[in-house]
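Q: quick check, what structure comes out for this input:
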Amino acid sequence: MDRTAPVPRTMSIGELAERAGLSTRTLRHYESIGLLRPARSANGYRAYSPADARRLAQIQAMKLCGLPLGTIGELLADDCSLYDALIRHLQALRAQGRSLEEAVAHTEAAIRAIERIEHMGTEDAFEEMKAQTLRDAEAAYGREARERYGTEAVEAANERMMALTQDEWDAKGLLEESIKVQLRLALAAGDPAGEAAAELARMHERWVAFHWGGIADKQVYLALVRSYLADPRFTAYYDDAAGEGATAFLVAAVESFQGSR
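A: Numbering: from 1, shown residues only. From the prediction side, this is the model:
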């Protein structure tokens, strides 16, 4: 758009299109999707104000940067300044980029694991699958677990996992999925002290025993369960599986069950 030429108080669609180097069809399209909202004169013709011209210049600038029209519309609709909206958009893109990089890394690791497993026998493949699961858990939770429970306890839990047979491993996975189902049922019942919640607590205790070899100290177990509420990853895991508030309900159910024993 020629910014040196004086801008009249209002312009017709043809005048604005000529100044912007666009077709009138493009301006009509921008209006149809809500990017431009020209006023109408007494005779019903479109009347573009200087503000409309500035908005069109912003649209064109963002288009030249490769932003799709849908994104441009969202940015222009933001209550804050366009500059602030673009800064937030950039931050979101960078966050998506980091998430994408993590997803790529996980996928590459999965491909490497599959390549190794394809050349193994059934028993060796099972052992490699367990080892990869523990490596993934170590990458995600290892540092916090070692700080909270000590390296010796974490290593013992890892050895216990590696010693599980195929049937035991499958039973652990089935129990984990069953806990999600029971959590939904207990949450629907709404009573952390009810029988559905008590069964949920018993199932969760058995699941923890798979990893830690039983519950020797009630307070340590309760601290473990309460830590779910402080870790967004665990909160998301249970809330995504059973609904908002599911993690808090699980903690309340375990506390009630342990308190009744």
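Q: most remote residue from the protein's center?
A: Distance from the centre of the chain peaks at Asn43, with 51.6 Å (C-alpha atoms, centre = their mean).
Q: can you list the low-confidence ranges for the stretch 101-250 of the chain?
A: Scanning the stretch 101-250 of the chain for pLDDT under 70 picks out 106-107, 109-125, 213-216.
Q: if you set the cut-off to 80 instead, what comes out?
A: Low-confidence segments of the stretch 101-250 of the chain, defined by pLDDT under 80: 101-134, 136-137, 140-142, 144-145, 147-150, 153-154, 157, 164, 210-217.
Q: can you map out the strands along this protein?
A: All strands of the chain, identified by DSSP state E, fall at 39-40, 46-47.
Q: how about those in CSV, adding mean pLDDT, mean neighbour count and distance to Leu224?
A: Every C-beta, even on glycine, is put in place using the N, C-alpha and C of the backbone. Shown next, in CSV, are the strands of the chain (pLDDT from 0 to 100; neighbours: other C-beta atoms under 10 Å; distance: least, C-beta to C-beta, whole Å):
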stretch, mean pLDDT, mean neighbour count, distance to Leu224
strand 39-40, 92, 10, 64
strand 46-47, 92, 20, 66
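Q: columns distance to Thr26 on top of those, output as TSV?
A: Below are those laid out as TSV (distance: least, C-beta to C-beta, whole Å):
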stretch	distance to Thr26
strand 39-40	19
strand 46-47	13
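Q: what's the mean pLDDT across stretch 61-73?
A: Throughout stretch 61-73, pLDDT has a mean value of 82.
Q: what are the buried residues along it?
A: For stretch 61-73, burial by neighbour count (16 or more other C-beta atoms under 10 Å) applies to Met62, Leu67, Ile72.
Q: next step: those residues restricted to helices.
A: Among the buried residues of stretch 61-73, the ones falling in helices (DSSP state H) are Met62, Ile72.
Q: can I get the buried residues of stretch 61-73 in CSV including distance to Met203?
A: Shown next, in CSV, are these (distance: C-beta to C-beta, whole Å):
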residue, distance to Met203
Met62, 53
Leu67, 49
Ile72, 50
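Q: wait, what's in contact with Lys63?
A: Taking C-beta atoms under 8 Å, 6 or more residues apart in numbering, we find Lys63 in contact with Leu69, Ile72.
Q: before we move on, back to that, can you tell me which of the buried residues of stretch 61-73 is nearest Glu31?
A: Closest to Glu31 out of the buried residues of stretch 61-73 is Ile72 (13.8 Å), distances taken as C-beta to C-beta.
Q: let me see the ranges of the helices in the protein.
A: Using DSSP H, helices in the chain cover 13-20, 24-32, 50-64, 69-77, 82-118, 122-149, 151-162, 166-189, 195-212, 218-226, 232-242, 246-259.
Q: the inter-axis angle of the first one versus helix 50-64?
A: Just to be clear, that refers to helix 13-20. Orientation of helix 13-20 against helix 50-64 (axes from the mean of the first three to the mean of the last three C-alpha atoms, to 10 degrees) gives an angle of 50 degrees.
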